[in-house]
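**Q** My questions concern the predicted model and sequence given below.
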Amino acid sequence: MDFKHVIWDFDGTLFDTYPHTARAFQVVLKREYGVMENTEEIEAQMHINMQHAYDYYVEKYEIDDEFWQKFREYCTLYENQNALPFNNAYMICKFVFDQGSFNYLLTHRDRGVNSMLQKHGFNELFKDFVTQEDGFPRKPDPAGLNHLIGKYNMNKNETLYIGDREVDMQCAKAAGVKSCFFSENINLSFKADFRMQNFSDFYYMLNSTLSTAEKGNRTDE
């Protein structure tokens, strides 16, 4: 099976952002409410999805909108200063690009994510980005993914979506494309077509499955 289109989630997939997001949340929670939450617990709630984490802590601490505004400010600061791509993530995206295949981003973040991608040289390797501003509903709703599939007339058998949460796998299934789950903890019960614990292993899978399209031939289909 050849993959000509590789669609990426951002947080916890391309970039290791969760520890810094959780740390920002912990700092603001301590300053605004005088309580200390373990960052591992915060991160665990965020891994389910951010809406779940929002609902969980709103109920637990009656957090208001002002808190969330301060959290977003701290989050941007912490992530821009500290968040890095996962080891070999750039290598894999460049490999996809060099093979004549295409990288895309599908994220609920706003377009500020482009500054992080640009900082580490990823932008030139991506064909398109779907972000918060595009207005699609949150995953597992496949609307954002379907938008990319339709816009570029993707063959679903040649399309792979990579993410680190169950909602990503559900989104891929709903859109009818193959899914790849990325996490150090691969012993999870939900289904995915592929699983990986690091990008070095993923390289060998892609090396045997990526389309053999000519390098540089990247016209829209």
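**A** Received the coordinates, thanks.

**Q** In the longest helix along the chain, which residues are buried?
**A** Ranked by number of residues, the top helix in the chain under DSSP state H is helix 65-82. The neighbour-count check on helix 65-82 (16 or more other CB atoms under 10 Å) flags 67-68, 70-71, 74-75, 78-79 as buried. Quick note: C-beta positions are derived from backbone N, CA and C, even for glycine.

**Q** closest to Asn157 among those?
**A** Distance to Asn157, by CB to CB, is smallest for Glu79 among these, at 35.3 Å.

**Q** how's the chain carved up into domains?
**A** In terms of domains, the chain is parsed into 5-16+85-209, 18-82 (source: automatic domain parsing).

**Q** weakest of the ones you listed by average pLDDT?
**A** Confidence, taken as mean pLDDT, is least for domain 18-82 of the domains of the chain (a mean of 88).

**Q** Ends of that one, what's the gap?
**A** 11 Å (CA to CA, to the nearest Å).

**Q** could you measure the residue sitting furthest away from the middle of the chain against Ile149, distance?
**A** Seen from the C-alpha centroid of the chain, the residue lying at the greatest distance (CA atoms, centre = their mean) is Gly34, 31.6 Å away. As judged by CB to CB, to the nearest Å, Gly34 and Ile149 stand 48 Å apart.

**Q** And stretch 14-21, what's buried?
**A** Going by 16+ other CB under 10 Å, stretch 14-21 has these buried residues: 14-21.

**Q** next one: stretch 33-46
**A** 37, 39, 42-43, 45-46.

**Q** Any chance of the residues you listed in a markdown table with secondary structure and distance to Met169 as columns?
**A** A markdown table is the format used below for the buried residues of stretch 33-46 (DSSP: H, G, I helix; E, B strand; the rest coil; distance: CB to CB, whole Å):
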| residue | secondary structure | distance to Met169 |
| --- | --- | --- |
| Glu37 | coil | 28 |
| Thr39 | helix | 25 |
| Ile42 | helix | 23 |
| Glu43 | helix | 19 |
| Gln45 | helix | 19 |
| Met46 | helix | 17 |
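
**Q** Kindly reformat those as TSV containing distance to Ile7.
**A** Below are the buried residues of stretch 33-46 laid out as TSV (distance: CB to CB, whole Å):
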residue	distance to Ile7
Glu37	33
Thr39	29
Ile42	28
Glu43	24
Gln45	25
Met46	21
